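>>> Just a sequence and a predicted model for now, questions to come.
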Amino acid sequence: MGIPQFTMKQHPKKIIVVVLLSGGFIFALGCFILLYFAGQKLAAQTRSDSQYLLSQVDDGVEESVRVLTKLNNLNFTTCNEANLLAMRRMLFDAKFAIDIGYFKNNTLICTTGTGMLENPLPDNQPDYIVNKNSPSQIGIRFEPELYLLLFTERPLKVLIIRQGNYNLILKSEVFDPKIIVTPNWQVFYKESENLFHLAGQTGLHNNIKSNDYLHYETNITCSNNNRNYCVALYLPWDVFFTDNRQLFIISFILICLVSISCGLLVDEHLTTRRSIVSRVRRGLKSGNFYWVYQPIVNLQSGKTIGCEVLARFKDDYGVLTPDQFIPILRQINLTWSFTKIMINTVLNELESAEQLPSGFKVSLNIFPCDVEQGNVSSLPKIAGLMQSKFVICLEITEDEYLDSTIAHGYFKALIESGFRLSLDDFGTGYSNLKNLHNLSFHQLKIDRSFVQDIATEGLKASMIPNIMELVHKFGYTCVAEGIETTEQEVILKEAGVHYGQGWKYGRPMPILKFKEYIARSLTSSPTSLSA
């Protein structure tokens, strides 16, 4: 934890709070998820144990009914050798029974373990009777201490099940195998509101019903095959955590590491964003912004008639893309400072290009917010713009700012001052067809996404003819961005698009390479720069 604290001391308190809250949220979320899955595992364990116990119960019930029914169907009337042999055979094949006895007149006269009893024993009343109104009714009794005749020195917990002239003795511990994880469990028989204990912890069901336990700790389930036989289990959270302590310790460590890592990532992200703001601020003062030029050609003649000016940024920390620095310029309200630097730099660079003739079109991007705020009203006061030999085209991206009456007034003033206006990225963002009529733009620019969609004959490509109808209706010229292939060029020419811009004609290039490009154009075609 020392490293994050050392790092965060370098940041404002607000960033530290955000980082700590982010790490704390991930830690809390991780603990919640850990507890959720721990609860699911705890519930799964009690379900597994209950299903195992019930399977044992079902097997014991099935075995008891099968053995007792078969013996009674033999119709022995006394305990002779044949009867004892049949009883011992049944005991040999049994899984749960440890002894079988034969009764006559409700008196036990022989067992598989001792044979004939010298002193017959009277039978006790059962705890409850299954199938009371049936000839095959079964009486069941739980004996917490029974001394078998063969083991008089050792008491056993047993179930005594009697049907007709025979009974089975089932050892209660058969329901407590080592594979049962839950330490507290009870098997019982439920009849109306009465419960009869069969095995496990006496009274556990009543304790669960009368006390409040944490979620997932308890489980009460009845058999699907024998609905009256049920089990109750109680696995405390502390016991569960103790049994799985290594897993939980590892999980908790991982949660801590993840929360710390998340805090560091948030810290890094905030630091990066903050550093971009600083870099942009410094860049405007230190000349880290520079501008490149991309040719615009007449699609019908193939002649270069102008260029678009595009901003780039590079400093000691590396490159920032327009997608990174343009939102920052808007965020910190430095768009107009940026625009003034652009105008001064671009005019100086282009005026030095003697190859460029008068009337060469130069497209400059203007922020919509500078229109709304009235900053563009100072453009006619910039002597370099008004005295330039170039035709200055102001490209403005569609935006809600363009709808205002104030914006309309500024646009009218710019047009009267001799500027040409171009509606940039038409159809990709905020679109209002009223702008095409109300703002009296000279040019409409088709976004590169429409052009790139041509090859796949996508939806946007199908809209180009509709856009051209609007262009012709309002008397605009049209420029298509992002042309890369001859196929795209041909389709756009056939659609009536006037001008094109893209890698097919030239990538954005610094002023020196742009001068070379212009010189090559003049050499190959003396009239290539004329509209």
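Yep, it's here.
>>> need the longest helix for this protein.
Ranked by residue count under DSSP state H, the longest helix found in the chain is helix 13-73.
>>> continuing past that helix, what's the next helix or strand?
Next in sequence after helix 13-73, counting helices and strands by DSSP states H and E, comes helix 81-93.
>>> and that following helix, C-alpha only, in PDB?
Output of helix 81-93 as PDB, limited to C-alpha atoms (Å, rounded to 0.1, in the frame of the first residue of the first chain):
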ATOM      1  CA  GLU A  81     -34.100 -73.900  11.500                       C
ATOM      2  CA  ALA A  82     -35.700 -73.100   8.100                       C
ATOM      3  CA  ASN A  83     -37.000 -69.700   9.400                       C
ATOM      4  CA  LEU A  84     -33.600 -68.900  10.900                       C
ATOM      5  CA  LEU A  85     -31.900 -69.800   7.700                       C
ATOM      6  CA  ALA A  86     -34.200 -67.500   5.700                       C
ATOM      7  CA  MET A  87     -33.600 -64.700   8.200                       C
ATOM      8  CA  ARG A  88     -29.900 -65.100   8.000                       C
ATOM      9  CA  ARG A  89     -29.900 -65.100   4.200                       C
ATOM     10  CA  MET A  90     -31.800 -61.900   4.200                       C
ATOM     11  CA  LEU A  91     -29.400 -60.400   6.700                       C
ATOM     12  CA  PHE A  92     -26.400 -61.400   4.600                       C
ATOM     13  CA  ASP A  93     -27.800 -59.600   1.600                       C
END
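>>> can you start the count at 34 instead of 1 from here on
Let's use 34 as the start, then, which means that last one is helix 114-126.
>>> The longest helix of the chain to helix 114-126, inter-axis angle?
With axes from the mean of the first three to the mean of the last three Cα atoms, to 10 degrees applied, the angle from helix 46-106 to helix 114-126 works out at 160 degrees.
>>> where does L182 land on pLDDT?
In the prediction, the pLDDT value recorded for L182 is 61.
>>> Tell me the spacing between G316 and F547.
22 Å (Cβ to Cβ, to the nearest Å). Where you see a C-beta, it was placed from the backbone N, CA and C, and this is true even at glycine.
>>> Show me which residues of stretch 483-498 are buried.
Applying a neighbour-count criterion of 16 or more other Cβ atoms under 10 Å, the buried positions in stretch 483-498 are F483, V484, Q485, D486, I487, K493, A494, I497.
>>> er, stretch 154-174 actually
D156, P159, D160, Y161, V163, I171, G172, I173, R174.
>>> Which two among these are spaced furthest apart?
Farthest pair in the buried residues of stretch 154-174 (Cβ to Cβ) is D156 and V163. Separation: 16.4 Å.
>>> residues in contact with L418?
Residues counted as contacts of L418 (Cβ atoms under 8 Å, 6 or more residues apart in numbering) are I376, L380, L412, I425.
>>> would you list the residues you listed in JSON lines and tack on pLDDT?
Converted to JSON lines, the contacts of L418 look like this (pLDDT from 0 to 100):
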{"residue": "I376", "pLDDT": "94"}
{"residue": "L380", "pLDDT": "92"}
{"residue": "L412", "pLDDT": "94"}
{"residue": "I425", "pLDDT": "94"}
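>>> Just the ones in strands from these, please.
Of those, the ones assigned to strands by DSSP state E are I425.
>>> what mean pLDDT does stretch 336-343 have?
The model assigns stretch 336-343 a mean pLDDT of 94.
>>> Give me the buried positions along that stretch.
T337, I338, G339, C340, E341, V342.
>>> Next: stretch 97-117.
S97, V98, V100, L101, L104, F109, C112, N116, L117.
>>> quick one: the last one and D349, what's the gap?
In this case it means L117. According to Cβ to Cβ, L117 stands 103 Å off from D349.
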